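Asks: coords please:
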Amino acid sequence: MNNDQRCAMEMPEEYAKTNLLSRRDGQDIIEEFSSELSKVQGKCLDIGSGPGNITKDFLFPVLPHDIELVGADISQVMVNYARKNNSNERLSYIILDIEGKMPSEQIGQYDCVTSFYCLHWIYDLSRAFENIFKLLRPNGKALVTFFGFHGMFEAFIRLSQNPRYEFYLQDVHRYVPYFQREKSKNMRASLRKMLEDIGFEILHCSKREKSFQYNSQQNLKIQILPVNPF
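Replies: Coordinates of the predicted model:
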């Protein structure tokens with residue numbers, strides 16, 4: 001990465017302004033499961049909270065008034081921004097790599113774990129879900145949504161095969177969603193097996209096709225830039 005290039009985790013303000021797709025779909029899934037979320041007790045963790053706007057604007061209001069909500073992100077820059085702009089007395093933020101070794105003080109501390117459009121960035125998806133399982137208390141619940149396939153990642157793969165751009169995308173597969181990389185024929189069945197093998201009891205598992213329309217090429221560029229890892 002050149003010195004003048006920045007990825008999403010280094011552009012929190014820009015990402016917060018342009019993550020319209022994440023906001024729309026995050027709000028949709030939170031509203032769909034608002035009844036279940038409203039019954040959560042104790043402590044909730046939101047993985048991949050980024051700048052914290054979805055965590056604060058959509059997730060926090062549907063949770064019970066006495067619950068403690070913690071946003072978690074791998075990026076110190078993102079966490080700093082969220083702490084400054086999207087925190088309150090019951091909403092705080094920590095640095096956490098959900099693909100790494102879980103800190104002992106975090107294991108078994110949460111009654112609910114959520115994640116909205118984060119886990120497609122994880123290379124070892126099974127390890128991430130194993131860590132989510134460890135973070136949950138007995139009978140804890142998780143609500144997670146992520147990309148199984150997206151055209152943006154297909155574009156990255158094709159660019160990596162172009163001699164003009166291949167130097168910049170040598171690690172392209174590190175950033176392609178697990179099921180897109182594995183070319184899974186039955187994504188839903190594969191995910192269910194992965195979760196059941198870890199120990200989860202599955203209450204709901206669905207594969208959904210959604211689209212998002214950008215009103216101009218320039219608008220598309222502005223919104224893609226903060227999430228371009230190359």
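Asks: for the rest of this, base every contact and every neighbour count on C-alpha atoms.
Replies: Fine.
Asks: after the helix or strand harbouring Leu159, next one along is what?
Replies: For Leu159, the host element (DSSP states H and E) is helix 151-160. Per DSSP H and E, the first helix or strand lying C-terminal to helix 151-160 is helix 178-182.
Asks: chain center to that next one, what's the gap?
Replies: The chain centroid and the centroid of helix 178-182 are separated by 16 Å, computed with Cα atoms, centre = their mean, to the nearest Å.
Asks: repeat that for stretch 98-116.
Replies: Counting by Cα atoms, centre = their mean, stretch 98-116 comes out at 14 Å from the chain centroid.
Asks: stretch 190-203 now?
Replies: Worked out by Cα atoms, centre = their mean, stretch 190-203 lies 19 Å from the chain centre.
Asks: just to revisit the earlier point, for the helix holding Leu159, buried residues please.
Replies: Going by neighbour count (16 or more other Cα atoms under 10 Å), the buried part of helix 151-160 is Phe153, Phe156, Ile157, Leu159, Ser160.
Asks: shouldn't the second one be in contact with Asp171?
Replies: No - counting by Cα atoms under 8 Å, no contact exists between Phe156 and Asp171, whose distance comes to 10.3 Å.
Asks: grab the nearest non-local neighbour of the residue most central in space within the chain.
Replies: In the chain, the C-alpha nearest the mean C-alpha coordinate belongs to Cys118, at 1.5 Å (Cα atoms, centre = their mean). Leaving aside its chain neighbours, Cys118 sits nearest to Gly48 (5.3 Å; criterion: Cα to Cα, 6 or more residues apart in numbering).
Asks: OK, contacts around the one you found?
Replies: Gly48 makes contacts with Gly71, Ala72, Asp73, Ile74, Ser115, Phe116, Tyr117, Cys118, Leu119, as judged by Cα atoms under 8 Å, 6 or more residues apart in numbering.
Asks: now the last one: how far from Pro64?
Replies: In this case it means Leu119. 26 Å (Cα to Cα, to the nearest Å).
Asks: tell me which of the two has more neighbours.
Replies: Leu119 (23 against 14; other Cα atoms under 10 Å).
Asks: wait, doesn't the more buried one sit right on Leu125?
Replies: Yes - with contact defined as Cα under 8 Å, Leu119 counts as touching Leu125 (7.1 Å).
Asks: show me what the top strand by length along the chain pairs with in its sheet, parallel or antiparallel.
Replies: Counting residues, the longest strand found in the chain (DSSP state E) is strand 136-145. Sheet pairing of strand 136-145 (DSSP bridges) gives strand 110-116 (parallel).
Asks: hmm, who's touching the partner strand?
Replies: With Cα under 8 Å, 6+ apart, strand 110-116 has contacts from 22, 26, 40-49, 132, 135-146.
Asks: what's the answer for stretch 128-146, then?
Replies: With Cα under 8 Å, 6+ apart, stretch 128-146 has contacts from 29, 98-102, 106-120, 122, 195, 198-200.
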